[in-house]
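> Need coordinates for the below:
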Amino acid sequence: MATFTERMAPVLVLWLAVCLSGTWAVDRGNFKTCDQSSFCKRQRALKPGESPYRALLETMELTNTRLTLQLINDNNKVRLLLELYRLQGNITRVKINELKPLKPRYEVPDVLVREPPTEPLSVLSQDENGVVLSLGAESQRVIVSARPFRLDIMEGHDVLMSLNSRGLLAFEHLRMRKDTQAEPEAENKEEADSANQAETAKEEEEKVEEGMWEETFKSHSDSKPNGPSAVSLDFSLPGVEHVYGIPEHADTLRLKTTDNGDPYRLYNLDVFQYELYNPMALYGAVPVMLAHNTKRTTGIFWLNAAETWVDISSNTAGKTVFGKMLDYVQGSSETPQTDVRWISESGIIDVFLMLGPTPKDVFSQYASLTGTQSFPPLSSLGYHQCRWNYNDQEDVRSVDAGFDEHDIPYDFIWLDIEHTDGKRYFTWDPHKFATPKEMLQGLLEKKRKMVAIVDPHIKVDSNYKIHNEIRSRGFYVKNKDGGDYEGWCWPGSAGYPDFTRADMRAWWASMFAYDQYEGTMENLYTWNDMNEPSVFNGPEVTMHKDAMHGSWEHREVHNLYGLYVHRATAEGLIQRSGGVERPFVLTRAFFAGSQRYGAVWTGDNAAEWDHLKISIPMCLSLGLVGISFCGADVGGFFKSPSSELLVRWYQTGAYQPFFRAHAHLDTPRREPWLFGPENTALIREAVRQRYTFLPYWYQLFYQAYRTGEPVMRPLWVEYPQDPATFAVDDEFLIGRDLLAHPVTEEGSRGVTAYLPGKDEFWFDIHTFQKHNGAQNLYIPVTMSSIPVFQRGGSIIPRKLRVRRSSTCMENDPYTLFVALNTRRSAEGELYIDDGHTFNYEKKEFIHRKLSFANNVLSSVNLAPDAQFTTKSWVERVVILGASKPGKITLKTADGEESQLDFEFDASMSVLTIRKPGMNAGEDWKITLK
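Residues are numbered from 1 along each chain as shown. Below is the predicted model:
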């Protein structure tokens, strides 16, 4: 072990030197290109054309739940099994596996919330060329063509999606190694051959390409004992020019074509100082793509957890504006089309085709498969103050006091890795954090909370209880030779728990119990970082692909690791309270389904204007694939922001779902009051605006939990027929009713916001000025400006009495902002519960519908079977776009009528009704006469 340590010490020193210098950009040489990833290079070398795969129609079997059919590769005679399912809710599932693999191939568990319910398929027609199946509703059908194999999904005369239309289906079957290195396996060879199908005997001598049976990258070797096992399939989307999703990438919202560069890569990696506007892999991977045009939205969910590359090409991509105009003038009949090709290193093809037709249908289809965003505690929607690191308990106390002294609300203060005893997670530094409970109690008395980091790399140290337990239970990931896998991370030499094991996750969860994790209390929550997993001395700063999780190689499960860490931690926080309290866990690595366990952030960004800008499309992309609770480090993690950048970042972050400032160890301190009184005031105002909107944010997260709809959403989701919205990613909607266009340019004197909807009004939330929709509006800005608009036709409840934390505001009164549309009507909702337990699942909440029509504003119960009471009342109603009434009366649930005071500002058409005083949870009516 000593020799390993001696050899690795310089690596760690170098890594720390890189980490602590604020000037380095990403070292691209640490990360593979497609050409350096042998399976990607191999698959990408296949050119579109005649597919070798043929459907053997005589093998077709149709039951009530699925169709099965064998495919044969005419080049090597290997057979595949195709399974086709029609799922409830307008989803088609296609699975392709080897008919008789040499050994089982990995199928991703634990991501789907249940086995998706099926609906019957029926054969409409069949001949020697193929078969046509009905998908039930709306004349939808699947056409299976036999030679070459291809699938087309149609509705009426329109092709919605085609599979293998370019002939790029590829399935590298498992095989025995033919060279001498495989001789020790010889005694099993006969057995294996008979297990494999007879056709394999006729297999052509497939040439062994470099990287099939062993691969090296820099100084790292991947032993590849199972040989080549890649899978690939192409999808054609006729009529589509805009595709989105497949996060995480630091790129535009609308995905670009990849013909002239690398494909988009999905492989969870700890990328130091990532670059912007490129397809390199980052910390998380959600293999879901959405396609949209004015007629329809569809989605593709490629359920595979191995390293994956996604190629996108378009038949209109290369055309100049002149070329497109020429097409128009000459009446080109060419329909635009986007072609997408997915390539994964291993596993099987298991793909869900979500057929919409609306954006919200696709969200609910995906939610039916992988679940919705977990409903967070209300306080986690407030402001979070973090840095690497708050030095000790006195530092925490002084920062906490600084917020009160400068009258800036916050809910959570965070502790990074230095709070532990020598990077041993679940411990506290005995000198700097000697009495953690005292510190937590001090925060609790102010109704505030704390988050402490717990990473999944465990210091190898025989005096460390956590390490000893994991080792003695055999819970560590193993190396290819069967010993515990060890790599370098923050503690030095570290082991990596095997979170793919349910018994390991249960044990990990039990470590969050108050009697196990000493010094913790109910107001301490958790942050999982480095869970890609990050291995400083590993290939591409992650785990070796031939490490073992039981009988599966790491290459099969890599993109799932972070989700499993997140899940085990969230389950631990739920269990410690006996299942009563909602958890809050932030994760850096994620996969499809991670939305069920908490929040995500965009990782180690930098204090640069472009990083502020990119936070918008990065979070929008995550929201489209189910992960609503997203944010970026306010101010930028690396480097030091100018005061202007810091202020603009607070103003942007205040209108994004997860709102946390964070900074690197080596950066100067940047608490909000350290940049002079003027900037303190600007930051205070941005944070306070966030707190006034908490009722609206909370209601949107409840909706996200119920429906899967994103909280922060692109404009096209609400205006799907307006092409002007399709590529917009410098502004966004919060729910349906708020539009934000933060200032993200240095020295900006004005921004141009696109206000959608030709029959819409948009009201500036600060001045109440009314603007028409379907226009580009130029907005002059100063340092205090945050351009945000409320949609005419909406009612948004706010709490204008901002206190030091969200919990302090629990019983405070509401102000209702009623913005009238062209029909002089509006509607909205109000959702209230206790803000922190799971009691809402037992129907303990208030859910009201607020409506304004025919000069009557009313509140009616949307959940008559629910029971909850609130002390909050309505202290003010502000109606935008109003006319002056003669008098205003209030009728409450008990039938009592009273007259209300009001003020009318004729210049802005704003009516303010003062102190109506009704309880927020009851029925009432306000009539304007």
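
> And the helices in the stretch 101-250 of the chain, which stretches?
Under the criterion DSSP state H, counting those that start in this stretch, the stretch 101-250 of the chain carries helices at the ranges 186-195.

> for Ile616, helix, strand, or coil?
helix (DSSP: H, G, I helix; E, B strand; the rest coil).

> before we move on, what about Glu83?
Per three-state DSSP, Glu83 ends up strand.

> ok, now Ser472?
Going by three-state DSSP: Ser472 is helix.

> And it, how close does it get to Pro864?
55 Å (CB to CB, to the nearest Å). Using the backbone N, CA and C atoms, a C-beta is placed for each residue, glycine as well.

> and if you look at Asn839?
18 Å.

> Between these two, tell me which one has more neighbours.
A count of neighbours by other CB atoms under 10 Å puts Asn839 above the other of Asn839 and Pro864, at 15 against 8.

> can you give me the strands in the stretch 101-250 of the chain?
118-119, 122-127, 130-134, 140-145, 150-155, 158-163, 170-171, 215-217, 220-222, 231-238, 242-245 (DSSP state E, counting those that start in this stretch).

> How about the contacts made by Asn479?
Asn479 sits next to 485-486, 544, 546-548 when contact means CB atoms under 8 Å, 6 or more residues apart in numbering.

> Could you rerun that using 7 Å?
485, 547 (CB atoms under 7 Å, 6 or more residues apart in numbering).

> Ok, Ser898 next?
Applying CB under 7 Å, 6+ apart, the residues near Ser898 are 889-890.

> Show the average pLDDT along the helix or strand hosting it.
Per DSSP states H and E, Ser898 falls inside strand 897-899. What strand 897-899 shows for mean pLDDT is 97.

> Could you look up the SS state of Gln651?
Gln651 - assigned by three-state DSSP - is helix.

> that older thread, strand partners (parallel or antiparallel) of the strand holding Ser898?
In the sheet containing strand 897-899, its partner strands are strand 888-892 (antiparallel), by DSSP bridges.

> what's next to the strand it pairs with, contact-wise?
897-900, 902, 913, 916, 918, 922, 924-929.

> same deal with stretch 87-97?
With CB under 7 Å, 6+ apart, stretch 87-97 has contacts from 80-86, 105, 116-119, 135, 142, 151, 153, 163, 171, 348-355, 361, 364-365, 368.

> Quick one: distance of the helix or strand following the strand holding Ser898 to the chain centre.
Per DSSP H and E, the first helix or strand lying C-terminal to strand 897-899 is strand 901-905. Centroid separation for strand 901-905 versus its chain: 44 Å, with CA atoms, centre = their mean, to the nearest Å.

> repeat for stretch 895-914
With CA atoms, centre = their mean, you get 43 Å for stretch 895-914.

> Among the strands of the stretch 101-250 of the chain, which comes closest to Val271?
Nearest to Val271 among these is strand 215-217; the distance by CB to CB comes to 15.4 Å.

> circling back to that earlier point, in PyMOL, select just the buried ones from the contacts of strand 888-892.
This is how PyMOL selects the buried members of the contacts of strand 888-892, with burial counted by 16 or more other CB atoms under 10 Å:
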select buried, resi 900+902+913+916+918+922+924+925+926+927+928
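
> can you name the two of the contacts of strand 888-892 that are farthest apart?
Once CB to CB is applied, the contacts of strand 888-892 give Glu922 and Lys929 as the farthest pair, at 22.1 Å.

> Just the buried ones among the contacts of stretch 87-97, please.
Here, 16+ other CB under 10 Å leaves 80-82, 84-86, 105, 116, 118-119, 135, 142, 151, 153, 163, 171, 348-355, 361, 364-365, 368 buried among the contacts of stretch 87-97.
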